[in-house]
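Novice: sequence unknown, structure follows:
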């Protein structure tokens, strides 16, 4: 089990790793935890000689194809997607191009230098500003329609940002496990579905399965599986949507696909797996058994 690391999502990864390690031990697996933020990963892997690496990392380096390349080079089977799919999904602009090629609906967006984003509106509000290669709502800014001016971005913000048309409506998400979509969750929050809403207990409420018109439910299931396939994902992924109820199925927009969705007590995929009759331990065990190399 590799967990922690040194991305902006380190704390989430630590919780994910600890939860999954505990579940796997409950399923009879021997689990050794390695934190690449402290350990020399290659040396530790040579020492441990694992049969499989459960990748519990989130964010850049752990989720963008880098660690997957190390594991491929070392010939160690690992969970989740391979190098190509991981790198493609983490790059939001290129992932969108793959969605469009697969006939999937996305929001209009552009890439813009940070200095231009702060100097003036590069897109008519409302819009969202976010890094094009991070996850878990890290560094996201919502610019409302009545905003007096452009956002002031935090120090350390990447030089290039994605500016995306804001899509109103409900937050929906669908997990994919192998070659099947699990179910749809309706995410209810009191405001923006930000980092705290995702990971702080009580930050959001989940309706799973979602109470939706069948046409919308079916579209989420279809789009999530097609996104998983378009990116070349393997194992478990989760695709997020926004749905503007006033526009019917035309109001359903695909936001992004997470190739290594969170596996914490408040995470969505474990809830969806449970709704499909699978315990958390069984889900983790399936991911280990599904692990492979040279993808």
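Specialist: That came through, no problem. All of these numbers come straight from a predicted model, not from anything done at the bench. Numbering: from 1, shown residues only.

Novice: Setting aside sequence neighbours, what's the nearest residue to the most centrally placed residue in the chain?
Specialist: With distances taken as Cα atoms, centre = their mean, the residue of the chain nearest its centroid is residue 258 (2.4 Å). Spatial nearest neighbour of residue 258, excluding adjacent residues (Cβ to Cβ, 6 or more residues apart in numbering): residue 238 at 4.8 Å. From N, CA and C alone the C-beta is placed, and that goes for glycine too.

Novice: from memory that neighbour sits against residue 273, does it?
Specialist: No - checked against Cβ atoms under 8 Å, the pair residue 238 and residue 273 is beyond contact range at 11.1 Å.

Novice: Who has more neighbours out of these two?
Specialist: Per other Cβ atoms under 10 Å, whichever of residue 238 and residue 273 has more neighbours is residue 238, with 25 against 21.

Novice: So what touches the helix or strand that contains that one?
Specialist: Using DSSP states H and E, residue 238 sits within strand 236-243. For strand 236-243, the external contacting residues (Cβ atoms under 8 Å, 6 or more residues apart in numbering) are 80-81, 89, 107, 167-177, 212, 216, 220, 223-224, 227-228, 231, 251-261, 268-269, 283, 287.

Novice: Which ones among these map onto strands?
Specialist: 170-177, 252-258 (DSSP state E).

Novice: re earlier: could you identify the buried members of the contacts of strand 236-243?
Specialist: Buried members of the contacts of strand 236-243, counted by 16 or more other Cβ atoms under 10 Å: 80-81, 89, 167, 170-177, 212, 216, 220, 223-224, 227-228, 231, 251-261, 268-269, 283, 287.

Novice: quick one, what contacts the residue nearest to the centre of the chain?
Specialist: Applying Cβ under 8 Å, 6+ apart to residue 258 gives the contacts 89, 135, 237, 238, 239, 240.

Novice: What of residue 280?
Specialist: Counting by Cβ under 8 Å, 6+ apart, residue 280 has contacts 19, 23, 263, 270, 273, 274.

Novice: Setting aside sequence neighbours, what's the nearest residue to the fifth one?
Specialist: With sequence-adjacent residues excluded and distances taken as Cβ to Cβ, 6+ apart, residue 273 is closest to residue 283, at 4.4 Å.

Novice: tell me the pLDDT at residue 201?
Specialist: You'll see residue 201 listed with a pLDDT of 56.

Novice: now swap in residue 256 and tell me
Specialist: Residue 256 carries a pLDDT score of 94 in this model.

Novice: ok, now the one 5 residues further on?
Specialist: Residue 261 carries a pLDDT value of 93.

Novice: Look at residue 159 and report its pLDDT.
Specialist: Residue-level confidence at residue 159 comes out at 90, pLDDT.

Novice: That one: what's it in contact with?
Specialist: Contacts for residue 159 (Cβ under 8 Å, 6+ apart) come out as 113, 114.

Novice: how close does it sit to residue 25?
Specialist: 43 Å (Cβ to Cβ, to the nearest Å).

Novice: do the same with residue 122
Specialist: Applying Cβ to Cβ, the value for residue 122 to residue 25 is 50 Å.

Novice: Between the two, tell me which one has more neighbours.
Specialist: Neighbours per residue (other Cβ under 10 Å) separate residue 122 from residue 25, with residue 122 holding more: 17 against 14.

Novice: Return the helix or strand in the protein with minimum mean pLDDT.
Specialist: Ranked by mean pLDDT, DSSP states H and E, the weakest helix or strand in the chain is helix 195-199, scoring a mean of 50.

Novice: Just give me the neighbour total for residue 48.
Specialist: 12.

Novice: pLDDT score assigned to it?
Specialist: With respect to pLDDT, residue 48 has a value of 94.

Novice: list the contacts for it?
Specialist: 32, 34.

Novice: ok, now residue 250?
Specialist: By Cβ under 8 Å, 6+ apart, the neighbours of residue 250 are residue 105.

Novice: How much space separates it from residue 215?
Specialist: Taken as Cβ to Cβ, the span from residue 250 to residue 215 is 11 Å.

Novice: just residue 13 next, same as before
Specialist: From residue 13 across to residue 215, the span is 37 Å (Cβ to Cβ).

Novice: can you check residue 181 too?
Specialist: 15 Å.

Novice: can I assume residue 168 is in contact with residue 247?
Specialist: No - using Cβ under 8 Å, residue 168 is not in contact with residue 247, being 9.6 Å away.

Novice: hmm, back to that, partner residues bridging the residue nearest to residue 258?
Specialist: Bridge pairing for residue 238 (DSSP bridges) gives the partners residue 175, residue 258.

Novice: And the helices in the stretch 101-250 of the chain?
Specialist: With DSSP state H, counting those that start in this stretch as the criterion, the stretch 101-250 of the chain has helices at 114-119, 195-199, 214-231.
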